[in-house]
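Novice: One predicted model, sequence on top.
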Amino acid sequence: MEDCLFCKIIKGEIPSKKVFENDYVYAFLDIEPQAPFHAVFVPKAHISSANDINDDNAFYIGEIFKAIKQVAKENGLTDGYRIVNNCGESAGQTVFHIHFHLMGKRKFGWPAG
């Protein structure tokens with residue numbers, strides 16, 4: 001999508017601090033980190049939200065989780081980490097390109113914190 005922030009980041013039109021990239025996934029450090037380690041993982045195909053996952057694009061989600069596992073290991077997230085996905089405006093989704101936040105190196109509470 002032309003106006004999509006994450007599509008622009010993937011294309012290199014907006015700078016980012018890349019932590020992972022392959023044919024299907026791009027990951028970068030969050031510009032407003034909520035933990036000492038905080039990266040955002042996006043599929044290279046534009047999928048607006050979890051509600052738009054279908055048989056043709058579902059494999060991107062598996063690729064994202066494989067990338068998350070690798071980046072977590074590479075960054076020493078050995079004591080656990082949190083993965084967050086917000087689906088829809090009421091849930092806090094602000095960029096409508098599905099993405100997953102990987103956060104670690106701090107203790108998290110439940111449900112918030």
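Specialist: Right, received. Where do you want to start?

Novice: so where do the helices sit in this structure?
Specialist: In the chain, the segments counted as helices under DSSP state H are 5-11, 59-74.

Novice: Deepest-packed of these, please.
Specialist: helix 5-11 (a mean of 18; mean count of other Cβ atoms under 10 Å). Quick note: C-beta positions are derived from backbone N, CA and C, even for glycine.

Novice: what pLDDT, on average, does it get?
Specialist: The average pLDDT within helix 5-11 is 96.

Novice: that older thread, can you put the helices of the chain in a markdown table and add distance to H46?
Specialist: Below are the helices of the chain laid out as a markdown table (distance: least, Cβ to Cβ, whole Å):
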| stretch | distance to H46 |
| --- | --- |
| helix 5-11 | 6 |
| helix 59-74 | 10 |
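
Novice: I'd say F37 and L77 touch.
Specialist: Yes. Using Cβ atoms under 8 Å, F37 makes contact with L77 at a distance of 6.4 Å.

Novice: How far off centre is stretch 11-24?
Specialist: 12 Å (Cα atoms, centre = their mean, to the nearest Å).

Novice: That should have said stretch 35-45, apologies.
Specialist: Distance of stretch 35-45 from the chain centroid (Cα atoms, centre = their mean) equals 3 Å.

Novice: Looking at the helices of the chain, spot the one closest to I53.
Specialist: I53 lies closest, by Cβ to Cβ, to one member of those: helix 59-74, at 6.3 Å.

Novice: Can you pull up the most central residue in the protein?
Specialist: Central residue of the chain (Cα atoms, centre = their mean): F41, 2.5 Å from the mean position.

Novice: CA atoms only: put stretch 46-63 into CSV for me.
Specialist: These are the backbone C-alpha positions of stretch 46-63, laid out as CSV (Å, rounded to 0.1, in the frame of the first residue of the first chain):
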residue,chain,number,x,y,z
HIS,A,46,0.8,-6.0,3.2
ILE,A,47,-1.7,-7.7,5.4
SER,A,48,-3.8,-5.1,7.3
SER,A,49,-4.5,-7.1,10.5
ALA,A,50,-5.0,-10.6,11.9
ASN,A,51,-8.5,-10.3,10.5
ASP,A,52,-7.0,-10.4,7.0
ILE,A,53,-5.0,-13.6,7.3
ASN,A,54,-6.1,-16.1,4.8
ASP,A,55,-5.0,-19.3,3.0
ASP,A,56,-2.8,-17.3,0.6
ASN,A,57,-0.9,-15.3,3.2
ALA,A,58,-0.9,-17.3,6.4
PHE,A,59,2.6,-18.7,5.8
TYR,A,60,3.9,-15.2,6.5
ILE,A,61,2.9,-15.5,10.1
GLY,A,62,4.8,-18.7,10.5
GLU,A,63,7.8,-17.0,9.0
